[in-house]
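> heads up, no residue letters with this:
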């Protein structure tokens with residue numbers, strides 16, 4: 001047996017011992033996080049009525065650290081105005097199970113409808129944003145923190 005084969009055999013035998021320290025997957029997120037995620041991750045949705053059932057009356061929302069809305073009506077109004085200028089796609093998400101649940105969505109978008117209004121050369125309106133939704137014990141979103149940058153999304157190598 002070669003030295004590398006022996007090391008591999010030792011590692012595999014330890015990993016297969018009963019009670020060995022192996023990572024298990026985290027608990028699934030609460031069902032209400034999954035349900036809200038289906039609506040919130042739909043980049044084509046511009047209907048605030050689909051969103052309203054998931055938003056708490058006392059919601060607080062911020063964009064880059066500045067408060068943009070307090071209360072359900074204010075948030076839905078802000079969201080509707082923002083979505084009217086949104087032409088993009090969801091590029092990733094993560095649903096948390098700790099506490100009462102959380103949802104993180106990463107999306108990239110163009111602020112103008114290029115199909116309806118082609119932009120002049122050299123006039124990009126792209127932005128990338130992460131939105132963190134914190135749920136309360138009632139299963140509703142109580143806090144939203146948005147971080148947004150006016151630039152293209154790029155992947156790391």
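Noted; the coordinates are in hand. Here the structure is a predicted model, which means the values were calculated and not measured.

> all strands of this protein, in order?
With DSSP state E, the ranges of strands along the chain come out as 55-63, 66-70, 87-96, 102-110, 126-135, 141-149.

> got a list of what residue 28 touches?
Going by CB atoms under 8 Å, 6 or more residues apart in numbering, residue 28 touches 34, 97. Heads up, the C-betas are built off the backbone N, CA and C, glycines and all.

> which one of the strands of the chain lies nearest to residue 45?
Within the strands of the chain, the stretch nearest residue 45 is strand 87-96; the backing value is 10.3 Å (CB to CB).

> if you count neighbours, what's buried in stretch 133-148?
133-135, 139-146 (16 or more other CB atoms under 10 Å).

> just to revisit the earlier point, same list, the strands of the chain, but as JSON lines with distance to residue 46 please.
Converted to JSON lines, the strands of the chain look like this (distance: least, CB to CB, whole Å):
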{"stretch": "strand 55-63", "distance to residue 46": "16"}
{"stretch": "strand 66-70", "distance to residue 46": "17"}
{"stretch": "strand 87-96", "distance to residue 46": "10"}
{"stretch": "strand 102-110", "distance to residue 46": "12"}
{"stretch": "strand 126-135", "distance to residue 46": "16"}
{"stretch": "strand 141-149", "distance to residue 46": "17"}
